[in-house]
Structure formats: C-alpha cells, structure tokens
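> Need a 3D model of the sequence below.
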Amino acid sequence: MKVLAIGAIVKPVSDQQRAEIMPKEVPHTLQMYLDGVIEQFWFRQDKPGPVFLMNVDSTEQAKSVIDLMPIVAAGFAQYEFIPVGPLAPLGLLIQGK
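Here you go, the predicted model:
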C-alpha cells in the first residue's frame, strides 16, 4: 500500500532545538528510506515540512512509523496521511471494459 505522509511544522523550532533534533532526525529518516518504508521524499514548497511516499501495510502503520520520528515525538511536526493507489478511472479507457 502506498501512503502520502505530508508533514507540517506546528511549533517553532529554535536553533538550539534544531541542533539537538536534526542529528537524530536525519539518520532516522535515512534508515526508513534504506528499509524501504519511505520510497520517495520531497520538501514542501508552500511551507516547511517533508512529504514522504511510504510503502506500508496501512495508514495506521504509516502513522506509527512517523510518530517515532524525533521531530514528531518532540511535538514540532505533524503529518497528514493519505492512502493512494492506481488511477482506476484509466481502466475505462481500455476497450472492452
């Protein structure tokens, strides 16, 4: 199952807090990528926060994995989880369907 996890910073992060969190956040995110849980990632252009395309069994699993991220556990970020899949209406374009 694919899930988009769209992050947003919900509480300002001071320079000192950023210096404490990011050395944990970055390796944690990289490990999720190497484990195949995060398939692709981007940074939002409209406001601070990452967007992950996740490969998980459920939105609940996506949430439980994201909740372990240091920046989320510290209350600075929250995520919205959107399950996504194939563009099913394209099947209508196949003759005989």
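> for the record, mean pLDDT for stretch 73-82?
Stretch 73-82 carries an average pLDDT of 97.
> Enumerate the positions of the longest helix seen in the chain that are buried.
Among the segments of the chain that qualify as a helix by DSSP state H, the longest is helix 15-34. Buried residues in helix 15-34, counting neighbours by 16 or more other C-beta atoms under 10 Å, are found at 21, 25, 28, 29, 32. (Glycine included, C-beta is placed from N, CA and C.)
> Make a markdown table from those and add pLDDT and distance to residue 84 to it.
Output for the buried residues of helix 15-34, formatted as a markdown table (pLDDT from 0 to 100; distance: C-beta to C-beta, whole Å):
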| residue | pLDDT | distance to residue 84 |
| --- | --- | --- |
| 21 | 96 | 28 |
| 25 | 96 | 24 |
| 28 | 96 | 23 |
| 29 | 96 | 20 |
| 32 | 97 | 18 |
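> Just name the closest of these to residue 51, please.
Using C-beta to C-beta, residue 29 is the member of the buried residues of helix 15-34 that sits closest to residue 51, with 12.1 Å.
> Show me what the longest helix of the chain is packed up against.
With contacts defined as 3 or more C-beta pairs under 8 Å, 6 or more residues apart in numbering; DSSP states H and E, the packing partners of helix 15-34 are strand 38-43, helix 70-73.
> can we see that at 6 Å?
The contact analysis (3 or more C-beta pairs under 6 Å, 6 or more residues apart in numbering; DSSP states H and E) places helix 15-34 against helix 70-73.
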